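>>> The following comprises the amino acid sequence and a computationally predicted model.
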Amino acid sequence: MIDYKINEILVKQLNDDYNCSICVDPVLNSLPLEQHQALSCKNGHLLCQTCWSKQLALRKECCICKIKVESVSELCRNIFLEKGFRNKKVHCPNGFENFKVDEKLLKDERDGCKSVVTIDQLESHLRKCEYVFIECPNDPIRCKDKFRKNQTEKHMRKCQYVTINCEHCKEPVIKNDMPTHIENDCSIISLECEFCKDKFGRRTLENHIANECPNVVIDCPHKEGGCTARIKRCDLSSHLAEEDNHIRYMQKIIEKHRVQVEESDRVIKKLRSDYKDLEKRVEITSRYKGNWTIENWSQKLAHYPNNERLKSPYFCIGSKSFYVGLYPNGFNQTNDGFLSVFLHLYEKPSTSTTVVRFSFELVHSDPTKSLKFEKSNKYTENKGSGFSQFLDVKLINNYVIDGKLTINIDVEVIPPSSSLVTK
C-alpha cells in the first residue's frame, strides 16, 4: 500500500481546530489511532505529538504562550476533539492508485475500493479490504506486477511465472521456463544415440552414453598404470585379457596409490599442527554493537497484526549469524498489546551450545529515558530468546522519533570455558 496521511483521504477537509499549530497537519494523521493523542498546553494550544516532542527537547515551554511544560505527561488530552476526528469520513486508501502524481494521491475510479468509512472504522476495514495492492505470489522477484488482491485470479491466468506440469514428463515447471525445459531437461522426449542409433529419453541417453553404449570408444580402465589403449566398450573384456590380465599395469596403480596415501598422511599431520597453532594465536571477535532503525513505524504497527514479525538484517559475530525478530503487536495472543523482541541464532540444529549475552535498548529522544533490557541464553538451534512483553504498545509513541523507531543492539558471544592445571 502506498504511504499516505489521513488528511489525504478525507472526504471533506477539516477545519483548523483539528490542526497542529506548528506543522498545520491534523494532530491525529496516521494509523493506528490508539498511538496518537490530541495534546494541548493548559492554555489550550494544540500541537501534534511529534511537534510537542521536538519543542520540549529544545525548551520546556509551549512555543505559543510560553507556559512552562516539563514533560508530555503535563499536557492536556482533548478527548472531545479526538472523538470528533474519529467520526470524520474518509475514502478507503485502497481506492487510489499505487503511485502519486505531484505528491498527490490519484483516485482509481475503475478498479479502486469505493468504500467510505469513518476514521474510527478505517483500521477494521483495511484488515479485510480486498482492494489492497499485493505482489505476485508465484515469483515476486522476477514478476514485477503489483495488482489488487481481488484481481489475483486474473493475474494467475496470464502470469508467466505460475507453475504448471510439463505435458510430456508431468514435472512441475515455471511457465516462462517451459521452452528451456523441453529443449534441455525433459526426460521423456526421445533422442537418438549418435553411436548406436537407438532412441532414449534425454536423461536415460546421458547414462546410456556414459556407461552402457557398446559402440562408445573408452580408455582402458588401467590407463593410470600405463595402458594407453582406447577401445570400444563392447571389446573391453577381450582387451583386459591381454598381457596377463594387465597385472603389470595394476601393480603400477597400487604403488602410485600407496605413495599418494603417504603424502596425504603427511599433509594431514601438517594441517593438524597448523590448526592447533592457530587456535592458540587467533583472537576471536566475540561482540556486535549497532542499531536497527525501523522507518514508517505507525504504518507497520497498523499492518502487522498479533504474531506477525519484522526481521532485522543479519549480522555476524565470528562464524555465527544473528538477526532480531520484532513483533509490533505481540508474540501470540498471550502478549497481545505488547512489543515483543527476540534475538535469533541463525544456524542448523547442532550438538554444540552457543552462549550469548545480549541487550536491547529502545531509544528515547531523551537518552535518560531510553528503555533497556539484558539477558543471557544458550542456543543450540534457530530459536529466539528475548522479551515477550518488552513494552506496552500504548506507550510506544514516546519512543517514536520522526516516525522512526530505533533499537540499540548489543550481543556478545561468550567463549567456552577451559581449565588450566599446574602440576
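Arrived safely.

>>> ok, now which ones touch His239?
220, 229, 231 (CB atoms under 8 Å, 6 or more residues apart in numbering). (C-beta placed from N, C-alpha, C; glycine too.)

>>> Now list the buried members of those.
When those are checked for burial by 16 or more other CB atoms under 10 Å, the buried set is Cys220.

>>> how about TSV for the contacts of His239, with pLDDT and distance to Asn307 added?
Shown next, in TSV, are the contacts of His239 (pLDDT from 0 to 100; distance: CB to CB, whole Å):
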residue	pLDDT	distance to Asn307
Cys220	91	66
Ala229	91	70
Ile231	92	68
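
>>> export the contacts of His239 to CSV and tack on distance to Cys143?
Compiled in CSV, the contacts of His239 are given as follows (distance: CB to CB, whole Å):
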residue, distance to Cys143
Cys220, 53
Ala229, 56
Ile231, 53
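
>>> Export the contacts of His239 as a markdown table, with columns for distance to Lys42 and secondary structure.
Below are the contacts of His239 laid out as a markdown table (distance: CB to CB, whole Å; DSSP: H, G, I helix; E, B strand; the rest coil):
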| residue | distance to Lys42 | secondary structure |
| --- | --- | --- |
| Cys220 | 101 | coil |
| Ala229 | 105 | coil |
| Ile231 | 104 | strand |
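
>>> Which parts of the stretch 251-400 of the chain are helices?
297-303 (DSSP state H, counting those that start in this stretch).

>>> quick one on the thing from earlier: which of the contacts of His239 sits closest to Leu205?
Nearest to Leu205 among the contacts of His239: Ile231, at 22.0 Å, using CB to CB.

>>> Correct me if wrong: that closest one contacts Pro221.
No: applying CB atoms under 8 Å, one finds Ile231 not in contact with Pro221, separated by 10.6 Å.

>>> Common neighbours of those two, please.
In contact with both Ile231 and Pro221: no residue, using CB under 8 Å, 6+ apart.

>>> Can you name the residues bridging to the residue minimising distance to the centre of the chain?
Centroid-nearest residue in the chain: Lys311, 5.6 Å away (criterion: CA atoms, centre = their mean). Applying DSSP bridges to Lys311 yields these beta-bridge partners: Gly325.

>>> Identify the residues contacting it.
Residues in contact with Lys311, defined by CB under 8 Å, 6+ apart, are 323-326.

>>> Next, format those as a markdown table and append pLDDT.
Listed next are those as a markdown table, based on pLDDT from 0 to 100:
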| residue | pLDDT |
| --- | --- |
| Tyr323 | 94 |
| Val324 | 96 |
| Gly325 | 95 |
| Leu326 | 96 |
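
>>> Output the below-cut-off pLDDT ranges for the stretch 251-400 of the chain.
Within the stretch 251-400 of the chain, the ranges that satisfy pLDDT under 70 run 279-285, 348-351, 382.

>>> Distance from whichever helix or strand Leu105 is part of to the middle of the chain?
In this structure, Leu105 sits in strand 104-107 according to DSSP states H and E. Computed by CA atoms, centre = their mean, to the nearest Å, the chain-centroid distance of strand 104-107 equals 30 Å.

>>> Sheet partners, orientation included, of it?
With DSSP bridges as the test, strand 104-107 is paired with strand 96-101 (antiparallel).

>>> tell me which residues in the partner strand are buried?
For strand 96-101, by 16+ other CB under 10 Å, it's Phe96.

>>> what comes into contact with it?
Outside strand 96-101, the residues within contact range by CB under 8 Å, 6+ apart are 1-2, 4, 9, 105-108, 112, 133, 146.

>>> And the buried ones among those, selectable in PyMOL?
To isolate the buried ones among those in PyMOL, judged by 16+ other CB under 10 Å, type:
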select buried, resi 1+4+9+105+108+112
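
>>> Quick check: the farthest pair among the contacts of strand 96-101?
Based on CB to CB, the longest span within the contacts of strand 96-101 runs between Ile9 and Lys146 and measures 19.6 Å.

>>> residues in contact with Gly330?
Counting by CB under 8 Å, 6+ apart, Gly330 makes contact with 306-307, 336-340, 388-389, 393.

>>> so how far is Gly325 from Thr204?
In this view, Thr204 and Gly325 are 48 Å apart by CB to CB, to the nearest Å.

>>> typo on my end, His222
For His222, the distance to Gly325 equals 60 Å [CB to CB].

>>> likewise Glu374?
Per CB to CB, Glu374 is found 18 Å from Gly325.

>>> What of Asn150?
Applying CB to CB, the value for Asn150 to Gly325 is 31 Å.

>>> what do you get for Asp265?
For Asp265, the distance to Gly325 - CB to CB - is 48 Å.

>>> Looking at the two, which one has more neighbours?
Per other CB atoms under 10 Å, whichever of Asp265 and Gly325 has more neighbours is Gly325, with 16 against 10.

>>> residue contacts, the more buried one?
309-312, 341-344, 384, 386.

>>> Confirm for me that Arg297 is in contact with Gly403.
Small correction: residue 297 is Trp, not Arg. Yes: with contacts counted by CB under 8 Å, Trp297 reaches Gly403, the gap being 6.0 Å.

>>> For the biggest strand by length in the chain, buried residues please.
What stands out as the longest strand in the chain, according to DSSP state E, is strand 404-414. Neighbour counts over strand 404-414 (16+ other CB under 10 Å) mark 405-407, 409-413 as buried.
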